[in-house]
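Q: below is the sequence, then the predicted model.
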Amino acid sequence: MRALLHALFYAVVMLIFLYLIAPLLIVIPLSFSAGKYMTFPPPGFSLQWYDNFFGREAWTGSAWISIWVGLAVTALSLLLGTPAAIGLVRGSFPGKRVLNGFILSPVIVPGIIVAIGVYFAYAKYGLIGHPVALILAHSCLAVPFVVINVAAALQGVDRRIEYAALSLGATPWGTFRQVTLPLIRSGMFAGAVFAFITSFDELLVALYLSGSTAVTLPRRMWEQLHFDIDPTIAAVSTMLIVITTGLMLGAELLRRRAERRRTALVITGGGYP
């Protein structure tokens, strides 16, 4: 009976997994289609739609805007989210839970509400259509992911290791730089990955703020779906899938490395390897 239950459990898990990746099994082959329209199965194999993407300035320009806006959002989110996470985990002050809920509110509030709010706020200052508006708005959406990941990593750090460093003469900054920072680096990297993906894939805010001069890649894809559907959309989607998967795998590998480092610290009695 136990073996039957295990087999049933794994069968259900596999069905859920297949259900989740089914769109990928359709989009990826479409990106290599030799046809002129989006038909499945593809009539043949071709790289023409990737050539179409890299050969059109409208596509590549939007991709570069999304990339450098995403990198700027990642840097700003780390600068804001890491100290916030440290303060929330290590600090003790009135209104801590309220502040935590306020920081995480962009994840809870529907995206359309955030988009409308930032549109009216930035329109007063003439920022619509400027990349700065996208960076500031996307950072509001990305900071919660940095806070969540860094806070989770920091909660796994044994404070006795920090106290040991302080008792041996290390300054608070030196303790943070040499002991705490290496142990929460995986959380920071994971938060950076989520921050970049949040900005790179975001559409609703971009629809309101990008105007006609700062069109991001998701905004370009949205317009293409409305006016001229061709398999270039599938090629762009495939590249996004590859980039996102690579970033997530990198974050997972770094998390496992940090976990092994924490384990080594415990085994060696607190000595940093």
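A: Happy to help now that I have it.

Q: how close does the spatially closest residue to A84 that is not a sequence neighbour sit to F102?
A: Closest residue to A84 in three dimensions, ignoring its sequence neighbours and counting by CB to CB, 6 or more residues apart in numbering: V147, at 5.3 Å. Quick note: C-beta positions are derived from backbone N, CA and C, even for glycine. Counting by CB to CB, to the nearest Å, the gap between V147 and F102 amounts to 11 Å.

Q: which one's more surrounded, those two?
A: Neighbours were counted for V147 and for F102 using other CB atoms under 10 Å; V147 has more, 27 against 10.

Q: helix or strand: which one has the more buried one?
A: In this structure, V147 sits in helix 131-155 according to DSSP states H and E.

Q: need the helices for the stretch 101-250 of the chain, in chain order.
A: 111-123, 131-155, 159-167, 172-175, 181-201, 204-209, 217-227, 232-267 (DSSP state H, counting those that start in this stretch).

Q: between the second one and helix 111-123, how big is the angle?
A: If I follow you right, that is helix 131-155. In terms of direction (axes from the mean of the first three to the mean of the last three CA atoms, to 10 degrees), helix 131-155 departs from helix 111-123 by 130 degrees.

Q: same question, the fifth one
A: With the same axes, to 10 degrees as the basis, helix 181-201 and helix 111-123 are set at 90 degrees to each other.

Q: only C-alpha atoms, please: export helix 181-201 in PDB.
A: Once side chains and other backbone atoms are set aside, the C-alpha atoms of helix 181-201 remain, and they are given as PDB (Å, rounded to 0.1, in the frame of the first residue of the first chain):
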ATOM      1  CA  LEU A 181      28.100  39.200   4.300                       C
ATOM      2  CA  PRO A 182      29.700  35.900   3.000                       C
ATOM      3  CA  LEU A 183      26.900  34.000   4.800                       C
ATOM      4  CA  ILE A 184      24.000  36.000   3.400                       C
ATOM      5  CA  ARG A 185      25.600  36.500  -0.100                       C
ATOM      6  CA  SER A 186      23.400  33.700  -1.500                       C
ATOM      7  CA  GLY A 187      20.300  35.500  -0.300                       C
ATOM      8  CA  MET A 188      21.500  38.700  -1.800                       C
ATOM      9  CA  PHE A 189      22.200  37.000  -5.100                       C
ATOM     10  CA  ALA A 190      18.800  35.300  -5.100                       C
ATOM     11  CA  GLY A 191      17.200  38.700  -4.300                       C
ATOM     12  CA  ALA A 192      19.100  40.300  -7.100                       C
ATOM     13  CA  VAL A 193      17.900  37.600  -9.500                       C
ATOM     14  CA  PHE A 194      14.300  38.100  -8.500                       C
ATOM     15  CA  ALA A 195      14.700  41.900  -8.700                       C
ATOM     16  CA  PHE A 196      16.200  41.700 -12.200                       C
ATOM     17  CA  ILE A 197      13.500  39.200 -13.400                       C
ATOM     18  CA  THR A 198      10.800  41.400 -11.900                       C
ATOM     19  CA  SER A 199      12.000  44.400 -13.800                       C
ATOM     20  CA  PHE A 200      12.800  42.600 -17.000                       C
ATOM     21  CA  ASP A 201       9.500  40.800 -17.300                       C
END
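
Q: state the mean pLDDT of that helix.
A: Confidence for helix 181-201, expressed as mean pLDDT, is 85.

Q: kindly report the same for the longest one.
A: Model confidence over helix 232-267 averages 75 on the pLDDT scale.

Q: thanks again, I'm all set now.
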